[in-house]
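Please find the sequence and the predicted model below.
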Amino acid sequence: MLILADDLGYADVGCYLDAGAAGAPAPIRTPNLDRLADQGIRFTSFYSAAPLCTAARAALLTGCYPVRVGMSLPDPRGRPVLYTDSNAGLALKEVTLAEVLRDHGYATALIGKWHLGCPPFSPENQGFDEYFGPAGRAEVVDHDEDERTPGATAFLAREELTERYTAEAIRFIDKNRDRPFFLFLAHSAPHVPLAVSPAFAGKSARGLYGDVVECLDWSTGEILGALERLGLAERTLVTFTSDNGPALEHGADGGSAFPLRSGKATTGEGGMRVPCALCWPGIIPAGRTCSEVVTALDLLPTFAALAGASLPPGRAIDGEDLEPLLKGEPGARGRRAPFFYYNRNGLEAARSGRWKLTFGSIPHSSTRGQPLALYDLETDAGEWRNVIAANPAVATELADLAQAMREELGDDLLGMRGQKRRPPGRIRVPPGRR
């Protein structure tokens, strides 16, 4: 069970917020998400593989950096995400987490946001037996319109989406209670425009944004309750995370990444470090907080290992199997390989262990104008102190690792074309299609 929020900030889940720290936002009540974390493991250095929707989802489902699968800048018009008028999508040759598990006997479903292309690049063609979500299979591009959902007799207003998606999720769980299943519940919330049902309106200290997040928390509680009621709690891994950080440009409607720097669309920590908790009673020891570096790239190989499924042969992926870390095995660590911060086809930063090197000299990047900087994230998660002068050897090592990655996958911002990136899917757009 994988639950994905949309544009949720690091500080927007109760157990991630140091409410007593100077400058901290008002807390949002998330008792169910806090319970999920308390009953399993909470990661404090979990990263999305991209700071924008399409690229982040492609990475999560394929275990590959988005640039490897052509999803960092997929739209021919130069837009960083796919829209209903885009003629691109995640290539059908790519193997998704859903396909890996379906081929191992799992029932699979996506409920909610896809954002990896319109037909033929549909969830149903990428391993999902069932799909319930926006009819366009893309982002809700007309934010003043409602989302039409397959099987629905009328438009679903945005304020109804979280409850409707939750009901569909519980229906799928109940239907497949006697067989293995993989359910990807990809919420549209708390992406703008914000809307919430009357049951949650005006309840949060953080205004409408907080109301929407508290509704997401309710949804998670309903899912956990259904698993318990059906006797499936000890047979089900539940994961909660976000596709990227908060949209800070929307002010109070955009969430908070406190105490991290920046937000969505940037490779600052606030744009890519997100809440993540996993719970599996009897398998994942409860009550653990882990600071090891873990990423959305690692979910595919880790879930496959836990399920006993095989990874696709002969296909390079960037994720790592972190099953030992989840199970709390002695000496288990997070990612062995460095983590690279990609943004719109450009490599803007690299992290290894406690160190993060940012390349502020890259043109057209979200770090442009900043000096080449090295941060010790264990002591400075907010990226306030550049310690490159005191640690030149560390900076050189990270720069060399980044250059090797550029040679493999390219860096369009620097005019470098990698030899091992795979193209996106393309179709001709029919005349008149908007």
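Happy to help now that I have it. Keep in mind that what you see is a predicted model, and the values were worked out from it rather than measured.

what lines up beside the lowest-mean-pLDDT helix or strand in the chain in the sheet?
One helix or strand of the chain scores below all others by mean pLDDT, DSSP states H and E: strand 416-417, with a mean of 84. The sheet places strand 416-417 alongside strand 410-411 (antiparallel), with pairing taken from DSSP bridges.

which residue sits closest to Pro51, ignoring its sequence neighbours?
Gly271 (3.8 Å; C-beta to C-beta, 6 or more residues apart in numbering). Heads up, the C-betas are built off the backbone N, CA and C, glycines and all.

which residues touch that neighbour?
51, 244-245, 257, 262-265, 366 (C-beta atoms under 8 Å, 6 or more residues apart in numbering).

Then Ala205?
Going by C-beta under 8 Å, 6+ apart, Ala205 touches 26-28.

Could you give the bridge partners of Arg351?
When bridges are called by DSSP bridges, Arg351 pairs up with Phe339, Lys356.

quick one: Leu161 and Pro190 touch, right?
No - taking C-beta atoms under 8 Å as the definition, Leu161 is not a contact partner of Pro190, at 11.2 Å.

Neighbour count: the two, which is higher?
For Leu161 versus Pro190, neighbours defined as other C-beta atoms under 10 Å are more numerous around Pro190 (31 against 25).

Could I get the pLDDT score of the residue nearest to that one when sequence neighbours are not counted?
Nearest non-adjacent residue to Pro190, counting by C-beta to C-beta, 6+ apart: Val212, 4.4 Å away. pLDDT for Val212: 98.

How is Val212 assigned, secondary-structure-wise?
When classified by DSSP: H, G, I helix; E, B strand; the rest coil, Val212 comes out as helix.

Could you check how far it is from Leu116?
24 Å (C-beta to C-beta, to the nearest Å).

Kindly report the same for Glu234.
The value you get for Glu234 to Leu116, if C-beta to C-beta is used, is 32 Å.

So these two - more neighbours on which side?
Just comparing Glu234 and Leu116: by other C-beta under 10 Å the higher neighbour count belongs to Leu116, 31 against 11.

now the more buried one, nearest residue through space, not along the chain?
Nearest to Leu116 is Leu90, by C-beta to C-beta, 6+ apart, at 4.2 Å.

Run a quick neighbour tally on that neighbour.
If you count neighbours by other C-beta under 10 Å, Leu90 ends up with 29.

can you check the one 4 residues further on too?
Using other C-beta under 10 Å, Glu94 has 26 other residues around it.

now the helices for the stretch 201-350 of the chain?
Along the stretch 201-350 of the chain, the stretches classed as helices by DSSP state H, counting those that start in this stretch are 207-229, 269-272, 299-307, 323-326.

For Asp38, find the nearest of those helices.
Evaluated over these, closeness to Asp38 peaks at helix 207-229, with 11.9 Å, by C-beta to C-beta.

Is Phe303 in contact with Thr96, as I believe?
No - counting by C-beta under 8 Å, Phe303 stays clear of Thr96, with 11.3 Å between them.

In terms of neighbours, single out the busier of those two.
Using other C-beta under 10 Å, the more surrounded residue of Phe303 and Thr96 is Thr96, with 25 against 21.

Over to the nearest residue to the more buried one once chain neighbours are set aside: give its phi and psi.
Using C-beta to C-beta, 6+ apart and skipping the chain neighbours, the partner closest in space to Thr96 is Leu61 (4.3 Å). Backbone torsions of Leu61, given as degrees, to the nearest 10, read phi -80, psi -20.

Low-confidence bits of this protein, can you list those?
The model of the chain has pLDDT under 70 over residues 135-156, 361-370, 429-434.

Show me how it divides into domains.
2-326, 340-425 (automatic domain parsing).

could I get these as a markdown table with distance to Arg333?
What follows is these, written out as a markdown table (distance: least, C-beta to C-beta, whole Å):
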| stretch | distance to Arg333 |
| --- | --- |
| domain 2-326 | 6 |
| domain 340-425 | 10 |
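
Which one of the ones you listed lies nearest to Gly334?
Using C-beta to C-beta, the nearest of those to Gly334 is domain 2-326, at 2.9 Å.

what about the closest one, how long is it end to end?
Using C-alpha to C-alpha, to the nearest Å, the end-to-end distance of domain 2-326 comes out at 15 Å.

before we move on, the earlier item: check contacts around the residue nearest to Leu116.
Listed by C-beta under 8 Å, 6+ apart, the contact set of Leu90 reads 58, 61-62, 69, 71, 96, 116-117, 121, 126, 424-425.

on that earlier part again, can you count the residues close to the residue nearest to Pro190?
33.

quick one: it from Tyr10, how far?
Val212 is 16 Å from Tyr10, by C-beta to C-beta.

quick one: the strands in the stretch 101-250 of the chain?
With DSSP state E, counting those that start in this stretch as the criterion, the stretch 101-250 of the chain has strands at 107-112, 130-132, 181-186, 238-242.

quick one: strands adjacent to the last one?
Strands that pair with strand 238-242, judged by DSSP bridges, come out as strand 2-5 (parallel), strand 276-279 (antiparallel).

will you turn those into CSV that also has distance to Leu208 and mean neighbour count?
Listed next are the strands paired with strand 238-242 as CSV, based on distance: least, C-beta to C-beta, whole Å; neighbours: other C-beta atoms under 10 Å:
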stretch, distance to Leu208, mean neighbour count
strand 2-5, 16, 24
strand 276-279, 24, 26
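
want to try JSON lines for the ones you listed, with distance to Glu323 as columns?
Below are the strands paired with strand 238-242 laid out as JSON lines (distance: least, C-beta to C-beta, whole Å):
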{"stretch": "strand 2-5", "distance to Glu323": "16"}
{"stretch": "strand 276-279", "distance to Glu323": "11"}
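
Give me the distance between the most centrally placed residue in the chain and Gly9.
Nearest to the mean C-alpha position of the chain, counting by C-alpha atoms, centre = their mean, stands Asp243 at 2.7 Å. Distance, Asp243 to Gly9, by C-beta to C-beta: 12 Å.

Test my guess that Asn125 contacts Leu92.
Yes - Asn125 lies in contact with Leu92 (C-beta under 8 Å); the separation is 5.8 Å.

more crowded one of those two?
Set Asn125 next to Leu92 and count neighbours by other C-beta under 10 Å: Asn125 wins out with 17 against 13.

Next one: that one from Asp12, what distance?
For Asn125, the distance to Asp12 (C-beta to C-beta) stands at 33 Å.

cool, and Gly89?
For Gly89, the distance to Asp12 (C-beta to C-beta) stands at 30 Å.

how far is stretch 371-389 from where the chain is centred?
Put simply, stretch 371-389 sits 24 Å off its chain's centre (C-alpha atoms, centre = their mean, to the nearest Å).
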